[in-house]
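Colleague: Any chance you can model this:
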Amino acid sequence: MAEWADVYKDTESKDPSRNRILIYKNVPNMAPDTVFPVAIRLQGLLRQFRVDRFGNWTGRDTDVHRAVQHATLSSGGNKKAWDTTVTSINLACEYVSRRLHVPMQGIANDKDLYLQRRAFIKTNREKQKRLSLSRLEDPEGSFSRVQQLWNAQRPLRVAEMTGVGEDHTDEFSTPNRR
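Modeller: From the prediction side, this is the model:
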């Protein structure tokens, strides 16, 4: 991994706990100062999730800082494929851990994989871009009350395999599905 990957500090990230990304080091014909993040596609059985724009936010101003978008994936019974996935994630985590000199806990192969990110990021008033959401994206108008202090994340992109094996990707901004 050290031959093709590196850890990059994303200076534009508003969330200091998420401002490091794994990138490709050497991409042929790459323009100077171009960054290519490593994308990881996970496949498993989707168990519990809240992936719409506001995640598990209650709509109350006092809860906005706790709101997260989350998903839990499990093996779905395919132990060999799941173990390979978890081992690959653990290798990437170990590499990042060593590069940043920060200990990270590995994931056990027999465990579900819980993923989350914050639904809102604190606003940087100097660099603030006004985000107005449509009635469809914010039916109750809850976001308008907190948008002075918070920016909403985009909905997570989730794909599902159709009956004929096609990959259908969707951006969830509709009411939560459970």
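Colleague: Buried residues in stretch 73-93, which are they?
Modeller: Counting neighbours by 16 or more other C-beta atoms under 10 Å, one finds that the buried residues in stretch 73-93 are 73-75, 82, 85-86, 90, 92. C-betas here are computed from N, CA, C, even on glycine.
Colleague: ok now it, how far from the chain's centre?
Modeller: With C-alpha atoms, centre = their mean, to the nearest Å as the basis, stretch 73-93 stands 18 Å off its chain's centre.
Colleague: what's the closest of the buried residues of stretch 73-93 to residue 23?
Modeller: In terms of C-beta to C-beta, no member of the buried residues of stretch 73-93 lies closer to residue 23 than residue 92, at 11.9 Å.
Colleague: Please enumerate residues in contact with whichever strand or helix holds that closest one?
Modeller: Assigned by DSSP states H and E, residue 92 belongs to helix 79-100. By C-beta atoms under 8 Å, 6 or more residues apart in numbering, the residues outside helix 79-100 that reach it are 1-2, 5-7, 20, 22, 38, 40, 42-44, 74-76, 103-104, 106-109, 111, 113.
Colleague: Spell out for me the ChimeraX command that would select the buried members of the residues you listed.
Modeller: Buried subset of those, written as a ChimeraX selection, criterion 16+ other C-beta under 10 Å:
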select :5,6,20,22,44,74,75,107,113
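Colleague: which residues does the spatially most central residue of the chain bridge with?
Modeller: Centroid-nearest residue in the chain: residue 117, 5.5 Å away (criterion: C-alpha atoms, centre = their mean). Under the criterion DSSP bridges, residue 117 forms beta bridges with residue 69.
Colleague: which residues does it contact?
Modeller: By C-beta under 8 Å, 6+ apart, the contact set of residue 117 is 18, 68-70, 153, 156.
Colleague: can I get those residues in a markdown table with pLDDT, distance to residue 146 and neighbour count?
Modeller: Converted to a markdown table, these look like this (pLDDT from 0 to 100; distance: C-beta to C-beta, whole Å; neighbours: other C-beta atoms under 10 Å):
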| residue | pLDDT | distance to residue 146 | neighbour count |
| --- | --- | --- | --- |
| 18 | 75 | 20 | 12 |
| 68 | 94 | 15 | 16 |
| 69 | 92 | 16 | 24 |
| 70 | 92 | 20 | 16 |
| 153 | 82 | 13 | 19 |
| 156 | 72 | 20 | 22 |
